[in-house]
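>>> here is the input, now give the coordinates:
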Amino acid sequence: DPAALSGIVVAVPGLNQPGLLNATRNYSGSVYASALNLNRQMPGDVHSDEVAEVYAGRLWNQIFIGNADQAIDLHTQSRGTLYPIYVFAETGEARRMADMIRPDIIKMDAGVKGAVENMLNAAGVPSVTLELAGPERFDPVAIARGLTGVRNVMKDMGILAGKPVLEGPDPFIGNVTRDVSAPRGGYAHILVKLGDPVTKGQALATIADPFGRTVATVTSPMDGRVLSVGTSPAREIGALLVRLIAWSDAEPCKPTGCH
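Model prediction:
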C-alpha cells in the first residue's frame, strides 16, 4: 500500500556491469570502446558517440535524478590495497550522513568532476561515497557495518522506525591525504596497520630484494593516520605503499563542508 510507505530504496547492484565482469573500474563496453572510468563521467551525455558517456547519461537521467532524496555510492578500495570503513563527504548534509554511517574515517573532500557523489551533491541530492574495505571478497565485518550504516541513514530520514545505532569510537576526521609510494621495485613489508596514528619520520615500510635484503626504508612525510595500505608484497617503483590522512586548518574543506 503506497499510502503506508515512508520511503523507497532504489538499489543498483553492480552498476558498472562491464567493469564488474572485467574486474576494472573502467566501463569497457567492447574491444572497440574507450575504457573510461565510469565514476568520472556523470552526468553523462545520451547524445555522445562514447558509450560510457551514453551509459552514464542514462543512469543519471533515468535513475538518479528525480528519484532520490539522498544517495550512498558503495565502493571498495582498488585491487592490491585495503581501506577501513571510510566515507567521503563534501557538504554539511553529506557530513550528517557520514556521521550516521559511523565509519572509521571520514574525509571532508571537495571531490572530482564527474563522480556520482559529487555531481549528485551539486544537483542538490545529499550524497556520500562509502568505501567498504578491500576488493574482490566478501568481508562479513565490513558488510555488517555497511548495512548498519545504511539503515542508520534511513532511520535518520524517517524511512525506518527507531533511532540510529551510533556505537563504537568516533570516526577520525581528515581533509588532506598523502600517498607514500615505493621508491624502487621489490617486496614491500608494511610496518603499520589501518587506522594507526603515525608521526613524521616514522618508518612505514621496507622494500626488500628477492633475497630478502632490505634495500629501502620508507618513512612518513607527516603526522596523521593510516588510511590505506598495499596488500600485495610485490611493488613496482611508484606503487602505493601507504596512504595517510590528516586534518589541516589551511585546507578549504571544513568539518561542516567544502567550498
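
>>> give me the neighbour count for R184.
By other C-beta atoms under 10 Å, the residues close to R184 number 13. For glycine as for every other residue, the C-beta is placed from the backbone atoms N, C-alpha and C.

>>> the closest residue in space to it that isn't next to it in sequence: what's it in contact with?
Counting by C-beta to C-beta, 6 or more residues apart in numbering, R184 lies nearest to I237, which is 5.2 Å off, once chain neighbours are set aside. Shown in contact with I237 (C-beta atoms under 8 Å, 6 or more residues apart in numbering): 181-185.

>>> so R96 sits against D156, correct?
Yes - the pair R96 / D156 is scored as a contact, 7.3 Å apart, by C-beta atoms under 8 Å.

>>> make sure F64 is actually in contact with V125.
Yes - assessed by C-beta under 8 Å, F64 is found in contact with V125 at 7.5 Å.

>>> could you pull out the residues contacting both of these two?
Joint contacts of F64 and V125 (C-beta under 8 Å, 6+ apart) are A71.

>>> look at the two and report which has more neighbours.
Shown here are F64 and V125; by other C-beta under 10 Å, F64 has more neighbours (23 against 19).

>>> list the contacts for that one?
Here F64 is in contact with 42, 71, 116, 120, 125 (C-beta under 8 Å, 6+ apart).

>>> need the pLDDT of it.
Note for F64: predicted pLDDT of 94.

>>> and the residue nearest the centre of the chain, what does it touch?
Computing the C-alpha centroid of the chain and ranking residues by C-alpha atoms, centre = their mean puts E131 first, at 3.9 Å. Counting by C-beta under 8 Å, 6+ apart, E131 touches 75-77, 83, 85-88.

>>> that's a helix at R95, yeah?
Yes - per DSSP: H, G, I helix; E, B strand; the rest coil, R95 lies within a helix segment.

>>> how about it: what's its closest non-neighbour residue?
R95 sits nearest to A89 (C-beta to C-beta, 6+ apart), 4.7 Å away.

>>> give me the beta-bridge partners of that neighbour?
In this structure, A89 bridges to M108 when assessed by DSSP bridges.

>>> how much space between it and V9?
Using C-beta to C-beta, to the nearest Å, A89 is found at 21 Å from V9.

>>> picking that back up, quick check, the residue nearest to R95 in contact with P126.
No - A89 is beyond contact range of P126, at 9.3 Å (criterion: C-beta under 8 Å).

>>> please enumerate the shared neighbours of the two.
M97.

>>> where does L130 sit: helix, strand or coil?
Under three-state DSSP, L130 comes out as strand.

>>> that one against T148, yeah?
No - counting by C-beta under 8 Å, L130 sits too far from T148 to count as a contact (11.6 Å).

>>> of the two, which one has the most company?
Neighbour count, other C-beta under 10 Å: between L130 and T148, L130 has more, with 24 against 17.

>>> got the contact list for that one?
72-75, 85-87, 101, 103, 146, 149-150.

>>> just the buried residues of these.
Neighbour-count burial (16 or more other C-beta atoms under 10 Å) is assigned, among the contacts of L130, to 72-73, 75, 85-87, 101, 103, 146, 149-150.

>>> that older thread, which one of A89 and V9 has more residues nearby?
Counted by other C-beta under 10 Å, A89 and V9 do not tie: A89 has more neighbours, with 30 against 8.

>>> give me the distance between that one and P183.
33 Å.

>>> before we move on, what about N39?
For N39 relative to P183 (C-beta to C-beta), the value is 30 Å.

>>> neighbour-wise, which of the two wins?
Taking other C-beta under 10 Å, N39 and P183 do not tie; N39 has more neighbours (23 against 15).

>>> so the more buried one versus G230, what's the distance?
21 Å.

>>> likewise for A33?
In terms of C-beta to C-beta, A33 sits 30 Å off from G230.

>>> which one of those two is surrounded by more residues?
G230 (21 against 15).

>>> so the more buried one touches E236, yeah?
No - with contact defined as C-beta under 8 Å, G230 does not reach E236; the gap is 10.9 Å.
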